[in-house]
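> task: produce atomic coordinates for the following.
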Amino acid sequence: MNTRVGLLAIIFALCVSATLASAQPIPVKLSYSAPSGSNSPSWMAKELGLFERQGLQLSMIYIGGGTRPVSVMLAGETDFTIVTGPPSILAKLSGGDTVILATFINGLTVSIVARPEITKPSDLKGKSMAVSRFGVIGDFATRIALRRWGLTPFKDVSIIQMGGLPEAFAALKAGAVQAAAFTPPLSTDAKRQGMVELLDLSGSGIEFANTGLVTTARYASQHPEATRRVVRAIVEGIWAFKANREASIRAIQKYTRVADRGVLEETYGIFRKDLRTIPRTTDGAIRRVLDGFVDDDPRARTAKPADFYNTRFIDELEQTGFTKELASRYPDAVR
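Next up is the predicted model:
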């Protein structure tokens, strides 16, 4: 009986693969928002042909600036974007049709780094810090850090929008600002170039909707099969990333343009640990982001976290046995 069931499962899988291979590919447009290792699942899926394996014809573009990828998606110019939770949640609060499909990282993988002359947090009083844009994860981390140090954002320390993380990094190096919030590999690269790490929030235990996959509720409703396939490809990208060190390091190098092997290895190690093989979004992670918006947008106080995400497609991965298949295909991912 077990042999028969096994043969039927194999035949079914072969039929599905043949159908995907022979069917007309579904065109999808996906953007990512930062040269951060947190985007590695999509990079790996792209490099390993996982989107094509799912019957997709992918166009992947980089749109820097934190909140801009969400605006571009809402304008209909892309179908999906990979961003941290805050831009998607802020757009939804403002009436946008955004929905988070997956959260790759639940926590703050952010470091506050400063120029060498800043040796302790109190030295920042009267100085300036850079973020890519207000409302992104670096902005959240900056405000959390300043309050933890007894400093009031904008009163004791100026926070300046730079437009993107590369621009913030350049401003820090040039001395235009005295500190900034970065994720690896930029945080690692900054330390290797002599900057001082004032705070590493990655070990803070703060639940937070970090980088994830976002679309519009309308797109997910009208194109469930395309959405399903994108989720499958990117989740397999997580497993492939965790299981394939050298291929992952090459992908990080290609998309971040960081050449330092030590920086690349450290970046890989950080995200291999933090990326979740089942990237299900939680109420707690969304609630933390909403709490950060309360001062600027009172609607955040009464907003229901469940209105900002949909776990349907992640749930399907387990219900259909796809995650078990990935565990068998990538055993090193969980070691």
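> how far away from the center of its chain is stretch 133-140?
Centroid separation for stretch 133-140 versus its chain: 13 Å, with Cα atoms, centre = their mean, to the nearest Å.
> repeat that for stretch 37-56.
14 Å.
> same question, stretch 290-308
Remark: stretch 290-308 is offset 20 Å from the chain centroid, using Cα atoms, centre = their mean.
> name the residues that touch it?
Residues outside stretch 290-308 that contact it (Cβ atoms under 8 Å, 6 or more residues apart in numbering): 86, 88-90, 92-93, 98-100, 135, 140, 143, 283-284, 286-287. No exception for glycine: its C-beta is placed from N, CA and C like everyone else's.
> which of the residues you listed fall in strands?
Of those, the ones assigned to strands by DSSP state E are Thr98, Val99, Ile100.
> which ones are touching the last one?
By Cβ under 8 Å, 6+ apart, the contact set of Ile100 is Gly85, Ser88, Ile89, Ala209, Gly212, Leu213, Val214, Thr281, Ile286, Phe308, Tyr309, Asn310.
> the second one: how many residues sit nearby?
What it means is Ser88. For Ser88, the neighbour count with other Cβ atoms under 10 Å is 28.
> follow-up on the earlier one: least confident pick among the contacts of stretch 290-308?
Note: of those, the lowest pLDDT belongs to Gly135, at 83.
> that residue is in contact with Ser88, isn't it?
No: at 10.3 Å, Gly135 and Ser88 do not qualify as touching, with contact defined as Cβ atoms under 8 Å.
> what residue ranges in the chain score low on pLDDT?
Residues of the chain that meet the criterion pLDDT under 70 lie in 1-22.
> contacts only, for the residue nearest the centre of it.
The centre of the chain sits closest to Thr211, judged by Cα atoms, centre = their mean, with a distance of 2.1 Å. Counting by Cβ under 8 Å, 6+ apart, Thr211 touches Ser36, Ser38, Asn39, Ile82, Val83, Thr84, Thr103, Phe104, Ile105, Ile137.
> what's the distance between it and Ile137?
Going from Thr211 to Ile137 by Cβ to Cβ, to the nearest Å gives 8 Å.
> mutual contacts of the two, please.
Contacts common to Thr211 and Ile137, judged by Cβ under 8 Å, 6+ apart, are Thr84.
> which SS state does the residue nearest to Val231 when sequence neighbours are not counted fall under?
Residue nearest to Val231 in three dimensions, not counting chain neighbours: Phe313, with 4.3 Å by Cβ to Cβ, 6 or more residues apart in numbering. Secondary structure for Phe313, judged by DSSP: H, G, I helix; E, B strand; the rest coil, is helix.
> neighbours around Phe313, how many?
Neighbourhood size, Phe313 [other Cβ under 10 Å]: 20.
> thought it was touching Arg229?
No: using Cβ under 8 Å, Phe313 is not in contact with Arg229, being 9.6 Å away.
> before we move on, back to that, tell me which two in the contacts of stretch 290-308 are the farthest apart.
Val99 and Arg143 (25.6 Å; Cβ to Cβ).
> sorry, back to before: quick one: the residue nearest to the centre of the chain from Phe104, how far?
From Thr211 to Phe104 the distance is 5 Å (Cβ to Cβ).
> shared neighbours of the two, anything?
Common neighbours of Thr211 and Phe104, counting by Cβ under 8 Å, 6+ apart, are Ser38.
> so Phe80 touches Tyr32, yeah?
No: using Cβ under 8 Å, Phe80 is not in contact with Tyr32, being 9.6 Å away.
> show me what contacts Ile112?
Residues near Ile112 by Cβ under 8 Å, 6+ apart: Met129, Ala141, Thr142, Ala145, Ala179, Ala180, Ala181, Glu197, Leu198, Leu199, Leu201.
> now the residues you listed: which count as buried?
Neighbour-count burial (16 or more other Cβ atoms under 10 Å) is assigned, among these, to Met129, Ala141, Thr142, Ala145, Ala179, Ala180, Ala181, Leu198, Leu199, Leu201.
> let's see which of these end up in helices.
In this view, the buried ones among the contacts of Ile112 that belong to helices under DSSP state H are Ala141, Thr142, Ala145.
> helices along the stretch 201-335 of the chain, start to end?
217-222, 224-243, 245-256, 261-274, 283-293, 299-302, 312-319, 322-329 (DSSP state H, counting those that start in this stretch).
> having no further points to raise, I will conclude here.
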